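Student: Predicted coordinates and the sequence they were generated for:
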Amino acid sequence: MKSMSKEIGIDLGTSYTRISVRGRGTVLSEPTVVAINKVTGEILAVGNQAKEMLGRTPDNIVAVRPLKDGIIADFEATRMLVQNLVYRVVPKSLFYKPRVIITIPSNITDVEERAVEGVGYRVGAKAVYLIEEVMAAAIGAGLQIERPEGCMIVDIGGGTSEMAVLSLGGIVAENSVRVAGDKLDSDIVEYIRNRFNVLIGLTEAEEVKRQIGSASSAMTEEKMSVKGRNLSTGLPETVSITTKDVNEAISGSLEIILKAIKTTLENTPPELSSDVMSKGIVLCGSGSLLKNLDRYISEQTGIPVFIAENPSECVSRGVAMSLDNIDLLKKSVKSKRL
């Protein structure tokens, strides 16, 4: 039997958790959702199966997202999720004590950082490394972060939007806001409730965003029908939503993300700012798939904006690349506690 790798990477995201193994790349990607029996504490489902249960469970079962805004909100549920996913990749009977690298958002507190490390150790790691999501995203997007030149990455995920200017293998200026894809979904739910007096689920709102959402005025106005519950009658009702409606719903959150990008640029040394101006900003993360988001940011900053290849997988790809290059791993990790 081949000797097993001693490094595992965990992209611990608000919406998705992705597991990487050194030499194999990203091997598993599942929604960050856990379904638990409230009476016994037993895990009933994780990932895709648990996500299907959101909003549909009886009283004795709860389907939860254990991370909120990129931060662990339920430690035990997060541990169970990560352990379940890791054991799918490496069966428990063959488990060994690996080194584990886990992604964290910028501006994380010491308490939140220790919670992430704790998850790694509870899974059975002998050493836990933490890498900032923007660093992993930049590596995964193919940016030449080791050069003495400025490059900028904006990672819009599910719970947080992270942005940074990097040079010589380090972060020069960075920012983080807890406004991202999940907040946009909530904005759409709130807008439809206020305008139509109809309550829809977050899953439906995400689908509206994906199909007809746009960060700026679209050339053609698209429409979509969505089903929900009328808050006055309590009966099911179908309403028609337009691209303009979605744009109006999410505009406030987009402005928060834009302001964070501008603040990061303002905190960047002039020499590196000129590099960013000429090379542009790279967008990644699932939130970057919103239509016209690149154009919106470019128009507001005056800087070219490009969307990375397979933007949803940049962070996990960067983690996998770090695992395959131990020197890069050592330079890029934020901390390590044995």
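Tutor: Perfect, thanks for sending it.
Student: how about low-confidence regions in the chain?
Tutor: Scanning the chain for pLDDT under 70 picks out 1-5, 91-95, 218-219, 325-338.
Student: For it, which segments count as helices?
Tutor: For the chain, the helices defined by DSSP state H occupy 48-51, 75-89, 110-123, 133-140, 181-196, 202-212, 243-266, 270-279, 293-301, 314-324, 326-332.
Student: contact partners of the fifth one?
Tutor: By that I understand helix 181-196. 14-15, 69, 156-159, 198-202, 205-206, 208-209, 213, 226, 228, 231, 237, 239, 241, 245-246, 248-250, 252-254, 285-287, 290 (Cβ atoms under 8 Å, 6 or more residues apart in numbering). To be clear about C-beta, it is placed using only N, CA and C from the backbone, and glycine gets the same treatment.
Student: got the CA positions of it in PDB?
Tutor: Provided in PDB are the C-alpha atoms of helix 181-196 (Å, rounded to 0.1, in the frame of the first residue of the first chain):
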ATOM      1  CA  GLY A 181     -23.200  36.000  -0.900                       C
ATOM      2  CA  ASP A 182     -25.400  34.900   2.100                       C
ATOM      3  CA  LYS A 183     -26.100  38.600   2.900                       C
ATOM      4  CA  LEU A 184     -27.200  39.200  -0.700                       C
ATOM      5  CA  ASP A 185     -29.600  36.300  -0.400                       C
ATOM      6  CA  SER A 186     -31.000  37.800   2.900                       C
ATOM      7  CA  ASP A 187     -31.400  41.100   1.100                       C
ATOM      8  CA  ILE A 188     -33.500  39.500  -1.500                       C
ATOM      9  CA  VAL A 189     -35.700  37.800   1.100                       C
ATOM     10  CA  GLU A 190     -36.200  41.100   2.900                       C
ATOM     11  CA  TYR A 191     -37.000  43.000  -0.200                       C
ATOM     12  CA  ILE A 192     -39.600  40.600  -1.400                       C
ATOM     13  CA  ARG A 193     -41.200  40.500   2.100                       C
ATOM     14  CA  ASN A 194     -41.300  44.300   2.200                       C
ATOM     15  CA  ARG A 195     -42.500  44.900  -1.300                       C
ATOM     16  CA  PHE A 196     -44.900  41.900  -1.900                       C
END
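Student: Tell me how far the most centrally placed residue in the chain lies from Thr103.
Tutor: Taking Cα atoms, centre = their mean, the centroid of the chain lies closest to Gly157, which sits 3.1 Å from it. Plainly put, Gly157 is 10 Å away from Thr103 if you go by Cβ to Cβ, to the nearest Å.
Student: what is in contact with the two at once?
Tutor: Gly13, Glu133, Val315.
Student: Same list, the residues you listed, but as a markdown table with distance to Ile188 and neighbour count please.
Tutor: Converted to a markdown table, the shared contacts of Gly157 and Thr103 look like this (distance: Cβ to Cβ, whole Å; neighbours: other Cβ atoms under 10 Å):
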| residue | distance to Ile188 | neighbour count |
| --- | --- | --- |
| Gly13 | 20 | 26 |
| Glu133 | 24 | 29 |
| Val315 | 24 | 33 |
